[in-house]
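1. How does the following fold in three dimensions:
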Amino acid sequence: MQFFDTHAHIGLIYDDPIEQLRVIQEAKQAQVTRIVSICNSLHDFASVYETLKSVPGVYHAVGVAPSEVNTPGKNWVQTIEAGLKLPNVVALGETGLDYFRKFGDKRSQIELFITQLELAEKANVPVIVHNRDAGKDIFDILSERCPTAGAVLHCYSEDAAFAKKALDLNVYFSFAGNLTYRNARNLHETVLNVPIDRILIESESPFMVPAEYRGKRNMPSFTPSTARFLAELLDMDLEELSVQLWKNSCKFFRLPE
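-> From the prediction side, this is the model:
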């Protein structure tokens, strides 16, 4: 049995390269044998990529998160374009909209998001989408501009009705440790109304720690906990589910199984 953590902020767990490598090793010991390392900023991407670029089973996404809307970096468009050509870079992200913390203004966030969707389309890569309190705008923009290679609504937090609408788009739904919270009924209902071949799981480490690890810093090695909870919700054998999730992840990121 093996698991694919489709979204881990390795650089936010530790900034020390030795500790980052230890995180990867601990994940593999927990049967998490593939991880997509996600950046919030281009500086974060550059440092983590340099440390992990040759580590088997580790892949990367490059992009600018909405939290960086005011400081995307000099020549950030060209930097993303160059990053997407690097070995083991499999997606653009994370990008998206975050109206909860009010980073910059909405117009600036939307412009940053749309530009990156256009870059993903140009490079023919999937995009990893952050959505917090911005569901309507996310849906409207993806309805017009979802890249041909697809998108994933990471750390899904909307309800089943939103998911049913989004099924008409070329999107996947990724669930993190908050799925395991007993009061997350909107997420529990969602997984029961989304086709199994459109579901991914992620750690979202160091955030969204699964319930059984509450109080600890989240790690990629905790991803199987989310998978176990998902298997219970779907009344599926865990090994059968792990195979399906693995296939879904490889298909989305265009990786061999």
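2. could you pull out the strands for this structure?
-> 3-8, 32-37, 58-62, 89-98, 127-132, 151-153, 171-175, 199-201 (DSSP state E).
3. Any idea which of the ones you listed gets closest to Leu119?
-> strand 89-98 (6.1 Å; C-beta to C-beta). Every C-beta, even on glycine, is put in place using the N, C-alpha and C of the backbone.
4. what helices or strands is that closest one leaning on?
-> Packing partners of strand 89-98 (3 or more C-beta pairs under 8 Å, 6 or more residues apart in numbering; DSSP states H and E): strand 58-62, helix 106-123, strand 127-132, helix 135-145.
5. Compile these into JSON lines and extend it with columns for mean neighbour count.
-> Compiled in JSON lines, the helices and strands packed on strand 89-98 are given as follows (neighbours: other C-beta atoms under 10 Å):
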{"stretch": "strand 58-62", "mean neighbour count": "25"}
{"stretch": "helix 106-123", "mean neighbour count": "18"}
{"stretch": "strand 127-132", "mean neighbour count": "25"}
{"stretch": "helix 135-145", "mean neighbour count": "16"}
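6. so can I have JSON lines of those showing distance to Thr79 and mean pLDDT?
-> Below are those laid out as JSON lines (distance: least, C-beta to C-beta, whole Å; pLDDT from 0 to 100):
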{"stretch": "strand 58-62", "distance to Thr79": "8", "mean pLDDT": "98"}
{"stretch": "helix 106-123", "distance to Thr79": "11", "mean pLDDT": "97"}
{"stretch": "strand 127-132", "distance to Thr79": "16", "mean pLDDT": "98"}
{"stretch": "helix 135-145", "distance to Thr79": "21", "mean pLDDT": "98"}
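7. how about those, which one is nearest Asp159?
-> Per C-beta to C-beta, nearest to Asp159 of these: helix 135-145, 9.0 Å.
8. for that closest one, the distance to its chain's centre please.
-> 18 Å (C-alpha atoms, centre = their mean, to the nearest Å).
9. what packs against it?
-> Using 3+ C-beta pairs under 8 Å, 6+ apart, helix 135-145 sits against strand 89-98, helix 106-123, strand 127-132, helix 160-166.
10. For the ones you listed, give me JSON lines that also has distance to Leu142.
-> Listed next are the helices and strands packed on helix 135-145 as JSON lines, based on distance: least, C-beta to C-beta, whole Å:
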{"stretch": "strand 89-98", "distance to Leu142": "10"}
{"stretch": "helix 106-123", "distance to Leu142": "8"}
{"stretch": "strand 127-132", "distance to Leu142": "7"}
{"stretch": "helix 160-166", "distance to Leu142": "8"}
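11. To Thr148, which of these lies closest?
-> Short answer: helix 106-123, nearest of the helices and strands packed on helix 135-145 by C-beta to C-beta, at 6.3 Å.
12. Same list as before, the strands of the chain that is, but in TSV and with distance to Glu118 included.
-> Output for those, formatted as TSV (distance: least, C-beta to C-beta, whole Å):
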stretch	distance to Glu118
strand 3-8	22
strand 32-37	22
strand 58-62	15
strand 89-98	10
strand 127-132	10
strand 151-153	13
strand 171-175	17
strand 199-201	24
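13. So for Asp235, which of the ones you listed sits nearest?
-> strand 199-201 (14.4 Å).
14. for that closest one, packing partners?
-> Strand 199-201 packs on strand 3-8, strand 171-175, helix 223-234, helix 238-253, going by 3+ C-beta pairs under 8 Å, 6+ apart.
15. Show the end-to-end separation of stretch 133-153, please.
-> End-to-end distance for stretch 133-153, by C-alpha to C-alpha, to the nearest Å: 13 Å.
16. correction: stretch 152-171
-> By C-alpha to C-alpha, one end of stretch 152-171 lies 5 Å from the other end.
17. Any buried residues in it, and which?
-> Within stretch 152-171, the residues that qualify as buried are Val152, Leu153, His154, Cys155, Tyr156, Ser157, Glu158, Ala160, Phe162, Ala163, Ala166, Val171, counting by 16 or more other C-beta atoms under 10 Å.
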